[in-house]
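Trainee: Pasted the sequence and its predicted model underneath.
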Amino acid sequence: MLFVKNISKSFNRKKVLIDISFSQKEGESIVFMGKNGTGKSTLFRIIARLMSYDSGSIIFKENDLNKAKTLDRNKLFYLGHAPGMYHALSAIENLNFALNLRSIYIDQREIISALDDYGLSKEINEPIGVFSAGMLQRLKIVCARLIKWDMILIDEPFSSLDNDGVEMVQKEILSWKEKNKTIAMVLHDKSHAEQFCDRILNIESGIIKEI
């Protein structure tokens, strides 16, 4: 499904990623680990085509992402550290906007039900600018539930969550695995990594190694 070959990236002449190569099969879950600043988030942003790179190639579902049209990337979904949503809009407005961008039309009752599952139904019409970091993280996972993706890139899915939130996201990820979804995650907790992944890849000094 995904083939990353010899990806290199530098910032101000400092090499962050050096000839990164790996492949991921359909239905496989891979966790990326490594110390802060080793390039994990940079790699995900490059694959999602939110950041340029110096050299290499990325093939997703037989399409070269460097040349592909937006439609060819439609089934690749990225969730980074930032919410990637509009703070002046409400939770339901943001979700509808994200769905409309991908030409996905869902009954509003299903959206409200998903928000309720994540404890966000009381704030459904509040601008998300008033949300806590944990609430924004929950909202991002609701978006991932509703979007129709074949592969997800998710950077630290448990960030800022309380115990209840962690449990909710754990169940969500396990449900994705049961549906044979293809998942790539950045995690720092090895116990979480071992619970959810088929493989762990460690990035150290810009080089990728399998654990």
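Mentor: Thanks, I have it.
Trainee: what's the longest helix along the chain packed up against?
Mentor: Criterion DSSP state H: the longest helix present in the chain is helix 163-178. Applying 3 or more C-beta pairs under 8 Å, 6 or more residues apart in numbering; DSSP states H and E, one finds that helix 163-178 makes contact with helix 133-146, strand 182-186, helix 190-196. From N, CA and C alone the C-beta is placed, and that goes for glycine too.
Trainee: partner strands of the second one, parallel or antiparallel?
Mentor: With DSSP bridges as the test, strand 182-186 is paired with strand 29-33 (parallel), strand 151-155 (parallel).
Trainee: Restricting to C-alpha, output it in CSV.
Mentor: Taking Å, rounded to 0.1, in the frame of the first residue of the first chain, the C-alpha atoms of strand 182-186 are listed here in CSV:
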residue,chain,number,x,y,z
THR,A,182,-3.8,0.5,7.7
ILE,A,183,-2.4,2.5,10.6
ALA,A,184,0.8,4.4,11.1
MET,A,185,1.3,6.0,14.5
VAL,A,186,4.0,8.0,16.4
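Trainee: In this protein, what residue spans correspond to helices?
Mentor: 40-47, 91-101, 108-117, 133-146, 163-178, 190-196.
Trainee: would you turn those helices into TSV with distance to Leu65 and mean neighbour count?
Mentor: As requested, the helices of the chain are arranged in TSV below (distance: least, C-beta to C-beta, whole Å; neighbours: other C-beta atoms under 10 Å):
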stretch	distance to Leu65	mean neighbour count
helix 40-47	7	22
helix 91-101	18	18
helix 108-117	29	14
helix 133-146	20	20
helix 163-178	22	15
helix 190-196	25	15
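Trainee: I'd like the ones you listed as TSV, with mean pLDDT and distance to Ile124 appended.
Mentor: Shown next, in TSV, are the helices of the chain (pLDDT from 0 to 100; distance: least, C-beta to C-beta, whole Å):
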stretch	mean pLDDT	distance to Ile124
helix 40-47	94	29
helix 91-101	93	5
helix 108-117	94	6
helix 133-146	95	11
helix 163-178	94	17
helix 190-196	86	29
